[in-house]
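Q: coords below, sequence missing:
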């Protein structure tokens with residue numbers, strides 16, 4: 001008898017039911033988005049909220065660990081992620097379940113990041129839209145940090161409906177009476193030593209933790225804000241960036257740097273603190289839409305019976321550093337009499353064969369011939385000796401070169417004409433400066449081109465002690 005084999009039963013594979021923990025190393029720090037959102041996407045509509053709690057902010061992530069490179073979300077005692085997969089009916093918090101509740105929604109527009117926006121007291125999250133199935137299967141949430149992640153990322157058209165409990169921050173009087181709760185947070189490593197020094201300098205001898213927090217907050221709030229668009233301010237919040245910020249003459253930065261600096265200073269004073277990044281829809285004056293300009297980062301500190309309390313530490317955005325402009329101070333040089341320009345050589349004119357006309361006057365005024373012009377020099381004679389003119393009737397006038405020492409004569413012995421050989425020096429009597437000797441004259445002729453009478457002009461040999469000769 002033949003037996004019919006039974007149909008194989010369906011197998012259950014354990015690995016199909018096992019959900020590995022979320023690996024946070026695959027995601028960059030949410031704080032790295034601050035500079036991009038506040039500058040490149042300042043006027044971009046990221047999401048559209050509906051029925052938000054009054055004065056409520058939108059949370060993106062809370063970070064309580066620091067490794068010198070960035071701030072990130074901490075892990076549990078076993079070093080694993082605290083994120084768990086959630087569904088539409090998963091209860092996210094047990095606080096205020098008996099109080100007043102309301103339903104808010106966020107419609108995603110130009111927001112394509114994996115970090116899920118939530119409210120301060122989110123009880124439940126439901127997803128809808130054209131990507132509802134993919135969004136629901138990859139939705140994770142960390143109840144300790146109140147942070148959600150969508151592994152498939154968010155895209156335009158996704159709708160997040162959240163059941164929230166309205167949150168009212170405690171008053172100043174309530175905080176002064178409360179005590180800070182000691183909560184286990186993530187590790188803090190590779191912190192510049194200047195951060196702890198600045199914290200001690202600010203708090204001084206104050207020992208009350210809440211007073212120390214207020215002193216640190218006041219110091220940061222009175223500093224300068226800069227996102228790098230109007231004044232120099234580097235992005236990032238690594239150890240090098242925080243050290244340069246602390247060691248500068250003034251604190252300058254944006255939400256990214258100030259929130260991390262506040263957390264590190266509080267932790268150096270044994271005050272538990274964490275950084276929260278999110279949005280404040282009322283920053284740009286329009287709470288109906290969320291733009292990149294609405295990005296914000298703040299610090300949360302736990303208090304007994306109050307939970308995590310928010311502290312704003314970033315300066316107002318109109319507290320920009322003063323522009324240090326360097327103006328050149330006018331410092332003119334004193335008026336100094338400048339020395340005269342050197343005399344130029346006489347112009348070289350082309351030779352001419354024109355003979356003096358009979359009607360040309362042969363006399364000129366003594367004042368014209370006496371004019372002391374450094375451009376007037378003796379003609380360069382064909383002979384080897386150089387002759388220099390000396391005016392008759394003034395033998396003792398040293399200024400005219402008569403009997404003055406040779407070193408004081410403007411045209412004394414050894415001072416040849418600056419004109420080329422075979423040319424005549426400039427004449428103050430009216431003749432053309434630099435005119436060549438006519439070819440009709442013999443080369444032995446010493447007739448000057450200056451039309452003065454022989455009685456008024458004498459020549460002296462350039463040799464010392466030689467007699468005067470009258471032309």
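A: Structure received. Fair warning: this is a prediction, and the values are worked out from it, not measured in the lab. Numbering: from 1, shown residues only.

Q: Sketch out the low-pLDDT regions of the stretch 251-400 of the chain for me.
A: Low-confidence segments of the stretch 251-400 of the chain (pLDDT under 70): 323-400.

Q: do that again at 80, thanks
A: For the stretch 251-400 of the chain, the stretches with pLDDT under 80 are 322-400.

Q: Just give me the longest strand of this protein.
A: strand 295-303 (DSSP state E).

Q: is it true that residue 148 touches residue 114?
A: No: with contact defined as C-beta atoms under 8 Å, residue 148 does not count as touching residue 114 (9.1 Å). (C-beta placed from N, C-alpha, C; glycine too.)

Q: OK, contacts around residue 68?
A: Residues in contact with residue 68 (C-beta atoms under 8 Å, 6 or more residues apart in numbering) are 189, 190, 191, 238, 239.

Q: Give me the distance between it and residue 150.
A: Counting by C-beta to C-beta, to the nearest Å, the gap from residue 68 to residue 150 is 29 Å.

Q: cool, residue 231 as well?
A: Residue 231 is 36 Å from residue 150, by C-beta to C-beta.

Q: before we move on, what SS does the spatially closest residue to residue 258 that is not a sequence neighbour have?
A: Closest residue to residue 258 apart from its sequence neighbours, by C-beta to C-beta, 6 or more residues apart in numbering: residue 314 at 4.5 Å. At residue 314 the chain is in coil, as set by DSSP: H, G, I helix; E, B strand; the rest coil.

Q: What is the subsequent helix or strand relative to the longest strand of the chain?
A: Using DSSP states H and E, the helix or strand that follows strand 295-303 in sequence is strand 307-311.

Q: What are the buried residues along that next one?
A: Applying a neighbour-count criterion of 16 or more other C-beta atoms under 10 Å, one finds 308, 309, 311 buried in strand 307-311.

Q: Closest one to residue 36 out of those, please.
A: residue 311 (24.6 Å; C-beta to C-beta).

Q: Give the bridge partners for that closest one, please.
A: residue 299 (DSSP bridges).

Q: And the nearest residue to residue 34 once chain neighbours are set aside, its phi and psi?
A: Spatial nearest neighbour of residue 34, chain neighbours left out: residue 256 (4.2 Å); criterion: C-beta to C-beta, 6+ apart. Main-chain dihedrals, residue 256, degrees, to the nearest 10: phi -60, psi -50.

Q: Any figure for the gap between residue 256 and residue 235?
A: From residue 256 to residue 235 the distance is 7 Å (C-beta to C-beta).

Q: Residue 51 too?
A: Taken as C-beta to C-beta, the span from residue 51 to residue 235 is 34 Å.

Q: higher neighbour count, the two?
A: Taking neighbours as other C-beta atoms under 10 Å, residue 51 and residue 235 compare with residue 235 leading, 18 against 10.

Q: Which parts of the stretch 51-200 of the chain are strands?
A: 58-63, 65-66, 71-72, 84-85, 102-108, 115-116, 122-128, 139-142, 147-150, 159-164 (DSSP state E, counting those that start in this stretch).

Q: Pick out whichever of residue 231 and residue 150 has more residues nearby.
A: residue 150 (22 against 15).

Q: Find me the pLDDT at the more buried one, would you?
A: On pLDDT, residue 150 comes in at 94.

Q: That one against residue 137, yeah?
A: No: using C-beta under 8 Å as the test, residue 150 is too far from residue 137 to be in contact (9.7 Å).

Q: Would you confirm that the residue nearest to residue 34 contacts residue 237?
A: Yes: using C-beta under 8 Å, residue 256 is in contact with residue 237, at 5.2 Å.

Q: overlap in contacts of those two?
A: Common contact partners of residue 256 and residue 237 (C-beta under 8 Å, 6+ apart): residue 31.

Q: okay if I get the buried residues of strand 307-311 as a markdown table plus distance to residue 280?
A: Formatted as a markdown table, the buried residues of strand 307-311 follow (distance: C-beta to C-beta, whole Å):
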| residue | distance to residue 280 |
| --- | --- |
| 308 | 17 |
| 309 | 16 |
| 311 | 14 |
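
Q: What count of nearby residues applies to residue 267?
A: Count around residue 267 with other C-beta under 10 Å applied: 21.

Q: and the gap between residue 78 and residue 21?
A: Look at residue 78 and residue 21: by C-beta to C-beta, they are 10 Å apart.

Q: And those two? Which one has more around it.
A: Using other C-beta under 10 Å, the more surrounded residue of residue 78 and residue 21 is residue 21, with 14 against 7.

Q: Do you have the helices of the chain handy? List them.
A: Assigned by DSSP state H, the chain shows helices spanning 14-17, 34-35, 132-137, 172-177, 193-203, 209-221, 239-247, 255-268, 366-370.

Q: Average pLDDT for the shortest one, rounded please.
A: Which is helix 34-35. 94.

Q: How about the first one?
A: What helix 14-17 shows for mean pLDDT is 52.

Q: same question, the third one
A: Averaging the model's pLDDT scores along helix 132-137 yields 89.
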